[in-house]
Structure formats: structure tokens, C-alpha cells
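S.K.: Based on what follows, work out the 3D shape:
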Amino acid sequence: MSDGVFHVLGFFRGFCVVLDGLGFGFCVSLIISKVKQWLVTLCRSYNPKQRSSLGFGPIVSKLGINVINPPPKPPIIIFWARPPVGFVALNSDGAAKCGLAAGGGIIRDVEGNHLSNYFSFYGKGTNNLVETRAILDGVALCAMLGYNRVYLQTDSKMALQWLNQTIPIPWHLRLWWRHYRNVTKNMTIMAIHVYREGNTPADHLSKQGLLHKCMGGINNQVDKTLKLALLSDKENIPYIRHKR
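M.R.: I've put the predicted structure just below:
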């Protein structure tokens with residue numbers, strides 16, 4: 001709702017500036033009044049599903065519009081999802097910033113012990129590309145290390161749907177998913193969606209790919225951020241997810 005109101009106001013502000021420049025300044029106040037009346041009427045019948053940002057309220061209040069927000073949702077407690085016995089957990093994540101793309105992930109056993117980690121730099125790319133390639137890099141590393149029963153965890157619902165073939169894969173990503181099928185043809189993969197908060201170590205590793213712009217891994221005993229995240233997950237310390 002907030003974006004829609006801002007777009008409407010921005011459009012009419014520009015329109016009024018043009019009218020004023022053409023000598024129709026007498027129409028401007030009438031237009032502003034009508035737009036304001038229209039917005040007030042619209043907001044009365046609007047039932048928002050999401051709370052507005054903190055900066056939105058003061059702006060629309062100056063227009064005489066009351067901000068309507070749904071009740072705040074209670075926070076969700078998030079734990080790292082341990083793999084079933086006999087499986088290893090693979091958490092993967094992608095990171096894209098300023099047109100550059102990277103991915104990363106971590107492999108752990110059922111006790112939460114670190115087995116291996118990775119990060120990769122992909123050059124130019126999108127969010128969908130990085131999630132796809134981060135998963136591919138992760139299962140390829142598992143296969144190389146001899147882990148053929150993998151409990152894959154990703155915070156990308158779309159990537160999970162591509163993996164399960166429940167929605168069509170975009171043409172520019174099909175090559176990578178063919179590689180994924182080839183790598184995992186002799187593996188047992190259980191894949192689930194997790195919230196971003198439960199994917200913290202993988203998120204940290206994907207950002208290392210953007211930082212270093214190369215492929216590699218990090219020392220889990222030296223990197224304090226990764227070390228603390230691993231310890232928290234191992235000891236079942238929860239994350240708090242706040243929903244707007």
C-alpha cells in the first residue's frame with residue numbers, strides 16, 4: 001500500500017508541476033484536493049495484509065490520511081534443521097549485489113559438526129542464478145567427499161520448486177539444473193525450505209564469495225562469525241524471526 005500511495009503522489013506532483021509551468025496553476029490546488037479525497041476514500045476500504053514502514057506514517061499523516069496496520073505478528077522461533085541419521089546436512093545460499101553473484105554453503109553431520117564448507121564467485125548474475133549454482137556447488141562437493149545421502153536446505157522457495165520439478169525452470173537456468181541431475185543421479189537427496197535465519201552459516205559463506213571474488217573455503221576455527229553460528233546451531237540456540 002505504501003508504495004502505491006507514493007507512486008500516485010509522485011505522479012500527480014509531477015503532473016501539477018507541468019500544469020503550473022503551462023500557466024494552469026489555478027487547477028493545481030483543485031487536483032491536489034481531489035487526489036487527497038480519493039486517497040482518503042481508498043484507504044478507508046483498504047485492508048492491509050502487511051504493516052507499513054516506520055517512515056510511511058508521518059508522511060501520509062500530513063495529508064490527513066490515517067495509517068491502518070494489521071496487528072503485529074508474533075515472532076517465530078527458528079532452529080537449524082538437523083539431518084536424519086545417515087544423512088549429512090547441506091545448507092546453501094546465494095548472494096547478489098550490484099549485479100555480481102556468489103554462493104556458498106556448509107556440510108555438517110547430525111550432531112552439527114563441521115565437515116566442509118565452500119564459497120564461489122560467479123561474476124555477473126541474478127538471485128535465481130546464485131541460488132541454483134550454490135545448490136549445484138554444494139551437492140558436487142558432497143559427491144566429491146563421498147556423502148551420497150544429503151539433507152539439502154535452502155531459503156529459496158523457487159529453487160526448491162525447480163529442484164522438485166513442480167514449476168518450469170527458466171531457460172537460462174536449465175543447463176545448471178541438468179548438471180544438478182547428473183551429479184545427483186546416484187545420490188539420495190532430501191530437500192527442504194528453511195527460513196533465512198536458519199541458514200545463517202550459508203549466508204555468511206555466500207558473502208565471502210562476493211568479498212573475495214574467487215572460489216574457496218574458510219577456516220571454521222578462525223572465522224569468528226562462522227564459528228559462533230556453528231556453535232549456536234550445534235547447541236540448538238534459536239534464531240528469532242520477526243514478521244511484519
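S.K.: Lys243: which element?
M.R.: Following DSSP states H and E, there is no helix or strand that holds Lys243.
S.K.: Leaving aside the residues adjacent along the chain, what's closest to it?
M.R.: Lys73 (4.2 Å; CB to CB, 6 or more residues apart in numbering). Quick note: C-beta positions are derived from backbone N, CA and C, even for glycine.
S.K.: Can I get whichever helix or strand Tyr151 is part of in PDB, CA atoms only?
M.R.: Using DSSP H and E, the element containing Tyr151 is strand 149-154. Provided in PDB are the C-alpha atoms of strand 149-154 (Å, rounded to 0.1, in the frame of the first residue of the first chain):
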ATOM      1  CA  ARG A 149      22.800 -39.100   1.400                       C
ATOM      2  CA  VAL A 150      22.200 -35.400   1.600                       C
ATOM      3  CA  TYR A 151      19.600 -33.300   3.500                       C
ATOM      4  CA  LEU A 152      19.600 -30.200   1.400                       C
ATOM      5  CA  GLN A 153      18.400 -26.900   3.000                       C
ATOM      6  CA  THR A 154      17.800 -23.700   1.000                       C
END
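S.K.: next helix or strand past the helix or strand Tyr118 falls within?
M.R.: Per DSSP H and E, Tyr118 falls inside strand 114-124. For strand 114-124, the succeeding helix or strand toward the C-terminus, using DSSP H and E, is helix 127-145.
S.K.: From the contact counts, what lies against that following helix?
M.R.: strand 88-97, strand 100-108, strand 114-124, strand 149-154, helix 157-163, helix 174-183, helix 200-212 (3 or more CB pairs under 8 Å, 6 or more residues apart in numbering; DSSP states H and E).
S.K.: Quick one: find the helix or strand in the protein with the lowest mean pLDDT.
M.R.: helix 2-21 (a mean of 53; mean pLDDT, DSSP states H and E).
S.K.: so where's this protein uncertain?
M.R.: 1-29, 31-32, 43, 60, 62-65, 244 (pLDDT under 70).
S.K.: ok, so what distance separates Trp177 from Pro238?
M.R.: 33 Å (CB to CB, to the nearest Å).
S.K.: Those two: who's more crowded?
M.R.: For the pair Trp177 and Pro238, the greater number of neighbours falls to Trp177 (18 against 14), based on other CB atoms under 10 Å.
S.K.: Now do the contacts for the more buried one.
M.R.: Thr132, Trp162, Leu163, Ile169 (CB atoms under 8 Å, 6 or more residues apart in numbering).
S.K.: All set, thanks.
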